[in-house]
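Colleague: Next comes the sequence, and after it the predicted model I'd like to discuss.
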Amino acid sequence: MTVDAVTTRTSKTKASKPASAQEQLVAAMVAQAQGQGLALTGPDGLLKQLTKTVLETALTAEITGHLGHSKHGDQPGREGTNVRNGSRIKTVISDAVGPVEVAVPRDREGTFEPVIVKKRQRRLGSVDEIVLSLYAKGLTTGEISAHFAEIYGASVSRETVSRITDSVVAEMQEWQSRPLDECYAAVFIDAVVVKVRDGQVSNRVFYAAIGVTLEGRKDVLGIWAGPGGEGAKFWLQVLQDLKNRGMKDVFFVVCDGLKGLPDVVADVWPLARVQTCVIHLIRNSFRIASKRDLDALKKDLKPIYMAATAAAAAVALDELEETWGGQYSAMIRLWRNAWEEFTPFLDYDPEIRTVLCSTNAIESLNARYRKAVRARGHFPTEQAALKCLYLVTRSLDPTGKGQTRWTMRWKPALNAFANTFGDRWPSAEKY
């Protein structure tokens, strides 16, 4: 369809509405380009020339604002000696028109920092953001390159994709070492297994922790790569790193019942309580049981985790053993082994119990990690895996609605925390 046909159709549908000054200007430019035989798009088309003109005009305005005077408009007696110092040609890639050569103005003192085309910026638009988003979803560099060729008709090499994703490494390291609050209401910890090719493909464990501040804000505290399988010894290094970053006290550390973890937590935060995920205990109990007994077991397990006190829970466990001990001795042994880590939350208010009974927060995070990891299969290096997991973390809750819901859910519990741990609650001067 020709431009004349488009113009005719537009005039029929909008005959009663006069064209704005902007529309008249665009129409005149299009007519002039057609009169000169100039294509609207393409390597030397009107759109590319307009992009170049707009960028250079914006850069000229920026340096005028920076220097305080227009070109050849320096005023006698003006404070400062900084003036224009020519320009340099820079090629930037636009999503719409491809490579564009732009003359970037310079100043004599080298203090000009352009905004519209930043220093070392090579791309305009959202190419970098798209690459990072696709990488976070588990696509390989080759798949991302093929995606751009298929969907956008743009050539983005694997090397370019790698450079774009590598740009987040410094950001990731800064995030991993950022200072933390002095006191947290709870820290949820868990690990996820990722396949890494280091000579040969092997399973590597990556440790993650989520902290809940005294304001109810949920925050992923870090991701750590560890050797071999999950172990309490490496968790000691993780928790010590959190302490070194400023976390002096934690009320509860919620985990899935890893052996040796309570001793590790006591070494780092002597006053912290280790709470085993109650939901894990219940799920593992049902996993052992026969399907025909599930309804009866649900009824008999409820008095244990809903008990008002630890003593009442112990009586309920004895009754469970009398009823099911002969048939499901492994289930009873499961509860006995986890008893010391299970019972602490029974001493606290129902509001605290509600938020500490499960590790669903970090289970949800690990589910996002596993989804990205499954899409990749395995990673060439440990850093490549960390980079992917970090990008997944960075892409969580883009609207902030999840954080708002979480905070509102924790408000009643935080009031109970303040009453229960008033002697450890930071003073107003520190908090």
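Modeller: Now that the structure is in, tell me what you want to look at. Numbers count the residues shown, from 1 in each chain.
Colleague: contacts, neighbours, all on C-alpha from now
Modeller: Noted.
Colleague: my guess is Arg368 contacts Val392, does it?
Modeller: Yes: checked against Cα atoms under 8 Å, the pair Arg368 and Val392 is within contact range at 7.2 Å.
Colleague: neighbour-wise, which of those two wins?
Modeller: Legend: neighbour count by other Cα atoms under 10 Å for Arg368 and Val392, higher for Val392 (22 against 17).
Colleague: what pLDDT does Thr81 get?
Modeller: Note on Thr81: pLDDT of 77.
Colleague: sec struct for it, please.
Modeller: coil (DSSP: H, G, I helix; E, B strand; the rest coil).
Colleague: list the contacts for it?
Modeller: Neighbour list for Thr81: empty [criterion: Cα atoms under 8 Å, 6 or more residues apart in numbering].
Colleague: how near is it to Leu67?
Modeller: Thr81 sits 9 Å away from Leu67, taking Cα to Cα, to the nearest Å as the criterion.
Colleague: how much space between Asp318 and Ala338?
Modeller: Taken as Cα to Cα, the span from Asp318 to Ala338 is 15 Å.
Colleague: ok, those two, which is more surrounded?
Modeller: Ala338 (19 against 14).
Colleague: For the longest strand anywhere in the chain, could you pull out the residues that count as buried?
Modeller: Assignment by DSSP state E gives strand 183-198 as the longest strand of the chain. Neighbour-count burial for strand 183-198 flags 183-196 (criterion: 16 or more other Cα atoms under 10 Å).
Colleague: now for the lengthiest helix in the chain, which elements pack on it?
Modeller: For the chain, the helix that runs over the most residues, judged by DSSP state H, is helix 46-67. Under the contact definition 3 or more Cα pairs under 8 Å, 6 or more residues apart in numbering; DSSP states H and E, helix 46-67 sits against strand 98-107.
Colleague: Just the residues contacting the strand it packs on, thanks.
Modeller: 43, 48, 51-52, 55-56, 59-60, 63, 82-94, 112.
Colleague: Within its sheet, name the partner strands of that strand and how each one runs.
Modeller: Here strand 98-107 is paired, per DSSP bridges, with strand 84-94 (antiparallel).
Colleague: Can you name the residues in contact with the strand it pairs with?
Modeller: 71, 99-108, 121-125.
Colleague: Where do the helices of the stretch 301-431 of the chain begin and end?
Modeller: Along the stretch 301-431 of the chain, the segments classed as helices by DSSP state H, counting those that start in this stretch run 310-324, 329-337, 339-342, 350-356, 360-376, 382-394, 401-420.
Colleague: Buried deepest among these, which one?
Modeller: Mean neighbours per residue, mean count of other Cα atoms under 10 Å, is largest over the helices of the stretch 301-431 of the chain for helix 382-394, with a mean of 20.
Colleague: Next, the angle helix 360-376 makes with that one.
Modeller: Put simply, helix 382-394 runs at 130 degrees to helix 360-376, going by axes from the mean of the first three to the mean of the last three Cα atoms, to 10 degrees.
Colleague: any idea of the mean pLDDT in helix 382-394?
Modeller: 88.
Colleague: With stretch 259-279 instead?
Modeller: On average, stretch 259-279 scores 88.
Colleague: now swap in stretch 61-68 and tell me
Modeller: So the average pLDDT for stretch 61-68 ends up being 79.
Colleague: who touches it?
Modeller: Counting by Cα under 8 Å, 6+ apart, Ser70, Lys71, Asn82, Val83, Pro105, Arg106, Asp107, Phe112, Pro114, Val115 sit against stretch 61-68.
Colleague: Please spell out the ChimeraX selection for the buried subset of the residues you listed.
Modeller: ChimeraX command restricting the contacts of stretch 61-68 to the buried ones, with burial defined by 16+ other Cα under 10 Å:
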select :70,83,105,106,107,112,114
